[in-house]
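[1] Pasting the sequence and the predicted model now:
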Amino acid sequence: MTAVAGVPVFPVAANLAGLAAGLALTTWGLRRAAGDRLHQAVERLQDAGPYHGLVAGLVLTAIVQSSSTFGLLLLAAASAGWVRRPAARAALVGANLGTTLTAHLTAAPNLGLAAILATGGLALAAIAWHRPRLRAAGLAAFGFAAALTALDGLAGALEPLGAGSAAAHPWAEWVRRPWAGFAAGLVLSAAALSSSAVLALVQRAVAAGFLRPGEALPVVYGANVGTTSDVLLAGLLLRGAAWELALFHLAINAATAVVAAPLGPALAAVAAALATDPARQVAWAHTLFNALGAVLVWPWVVGRPRDPFPPSVVGSVAKGGGDARMAARPEPPVGEGTRRGRRGPSDPRP
């Protein structure tokens, strides 16, 4: 078995690939099972206030198990001018809270539960193969079962690291440095386009004794900042309101990381009081981090005026079709007629 600094490379890589694939299938299946209802729920934010936006972001993200999916839909809605600034920003805060559910689900992988989910999911997909939503729900259950199985295998592969001394793993000291842990979480989360996979890896490292929960906190902070990469990319492409919202998302997580850094011992103590299992302490630390971010930005979110984002040219074209010039053209004044042939009283037909 090939090993680097005592780490069995192939088992770790194989289980990481299985974890990423399982989570991706889960997210895809839940998104397809939700269908148009997810889009309709985002569209309803047009006249929503910040508290409605917070709840919507939390619930919808918890349902689809992906803050990225919800964030991308929200950016598209903002680009089209369908959502007001306070509601959109509050929805991103809620999405940060909703995505913490995944870490609690992956804290203690259960092979028995994985077997039940895999069997039931495949049976549902086979029986309802011609019903796309039920088929997608079954595949989502199978994907989560695959993720749980990969997590169990990853725990077994990392177990020897916890049993050895730190000197036997020279790169372990590097990961334990706060700045290095933050950088590792940021890079891995940005590359994987998912903080959930990184946090699941951290949970297995903590459960194996490779890291203590307090030492894992900088990785959690970095993963939360790195997970904004896909939303930033979408905002850069859509421009305008979407870019503004993407920058706000990055600012939330980056500012929370700065504030949480000196509060690490306190967060670790609260997480330890909430759970005795080290992996579940990481999940609670993730939840506390995003709750802290919500408290920090909420007064600023509700204090903003209830103004809508101006619809960008890209969003207008995406919403209604046609070329950019027609999307940007204002509506004709009342009484001057329209392109459909209606004429005002001051403009009689020839």
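    Received the coordinates, thanks.

[2] And the helices in the stretch 51-200 of the chain, which stretches?
    With DSSP state H, counting those that start in this stretch as the criterion, the stretch 51-200 of the chain has helices at 67-79, 85-98, 101-105, 111-127, 132-163, 170-176, 178-192, 195-207.

[3] And the third one, what does it pack against?
    Which is helix 101-105. Counting contacts by 3 or more C-beta pairs under 8 Å, 6 or more residues apart in numbering; DSSP states H and E, helix 101-105 packs against helix 195-207, helix 278-302. C-beta coordinates here come from the backbone N, C-alpha and C atoms, glycine included.

[4] Pull the contacting residues for Val55.
    Gly94 (C-beta atoms under 8 Å, 6 or more residues apart in numbering).

[5] Tell me how far it lies from Phe70.
    According to C-beta to C-beta, to the nearest Å, Val55 stands 13 Å off from Phe70.

[6] if we can go back for a sec, tell me which of the helices of the stretch 51-200 of the chain sits nearest to Ala294.
    Ala294 lies closest, by C-beta to C-beta, to one member of the helices of the stretch 51-200 of the chain: helix 85-98, at 4.9 Å.

[7] With just CA atoms, put the closest one into PDB.
    Written as PDB, here are the backbone C-alpha positions of helix 85-98 (Å, rounded to 0.1, in the frame of the first residue of the first chain):
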ATOM      1  CA  ARG A  85     -31.700  43.900  -1.200                       C
ATOM      2  CA  PRO A  86     -32.600  43.200   2.500                       C
ATOM      3  CA  ALA A  87     -34.500  39.900   1.500                       C
ATOM      4  CA  ALA A  88     -31.600  38.700  -0.700                       C
ATOM      5  CA  ARG A  89     -29.000  39.500   1.900                       C
ATOM      6  CA  ALA A  90     -31.000  37.900   4.700                       C
ATOM      7  CA  ALA A  91     -31.600  34.800   2.500                       C
ATOM      8  CA  LEU A  92     -27.800  34.400   2.100                       C
ATOM      9  CA  VAL A  93     -27.500  34.600   5.900                       C
ATOM     10  CA  GLY A  94     -30.200  31.900   6.200                       C
ATOM     11  CA  ALA A  95     -28.400  29.800   3.600                       C
ATOM     12  CA  ASN A  96     -25.200  29.900   5.700                       C
ATOM     13  CA  LEU A  97     -27.300  28.600   8.700                       C
ATOM     14  CA  GLY A  98     -29.100  26.000   6.600                       C
END
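
[8] Now do that helix against helix 278-302, angle only.
    170 degrees (axes from the mean of the first three to the mean of the last three C-alpha atoms, to 10 degrees).

[9] Packing partners of helix 85-98?
    Helix 85-98 packs on helix 50-64, helix 67-79, helix 240-260, helix 278-302, going by 3+ C-beta pairs under 8 Å, 6+ apart.

[10] low-scoring stretches of the protein, by residue?
    1-8, 38-39, 43, 109-110, 155-172, 303-350 (pLDDT under 70).

[11] what's Leu211 sitting at in phi/psi?
    phi -130, psi 150 (degrees, to the nearest 10).

[12] which ones are touching it?
    Per C-beta under 8 Å, 6+ apart, neighbours of Leu211: 175-176, 202, 205, 219.

[13] Show me which pair in these is furthest apart.
    Maximum distance among the contacts of Leu211 (C-beta to C-beta): 12.4 Å, for Arg176 and Val202.

[14] between the two, who's got more neighbours?
    Val202 (30 against 18; other C-beta atoms under 10 Å).

[15] wait, that one sits on Val282?
    Yes: between Val202 and Val282 there is a contact under C-beta atoms under 8 Å: 5.7 Å.

[16] Find the residues that touch each one of those two.
    Joint contacts of Val202 and Val282 (C-beta under 8 Å, 6+ apart) are 216, 220.

[17] number of nearby residues for Ala279?
    26.

[18] Can you tell me the closest non-neighbouring residue to it?
    Gln203 (3.9 Å; C-beta to C-beta, 6 or more residues apart in numbering).

[19] Which residues are in contact with that neighbour?
    Contacts of Gln203 by C-beta under 8 Å, 6+ apart are 103, 106-107, 151, 278-279, 282-283.

[20] and if you look at Ala257?
    182, 221-222, 224-225, 289.

[21] ok, of those residues, which one's closest to Leu134?
    Nearest to Leu134 among those, with distances taken as C-beta to C-beta, is Asn224, at 33.8 Å.

[22] Skipping adjacent residues, who's closest to the closest one in space?
    Asn253 (4.7 Å).

[23] from what I can see the one you found touches Thr228, true?
    Yes: if you go by C-beta under 8 Å, Asn253 and Thr228 touch, sitting 5.9 Å apart.
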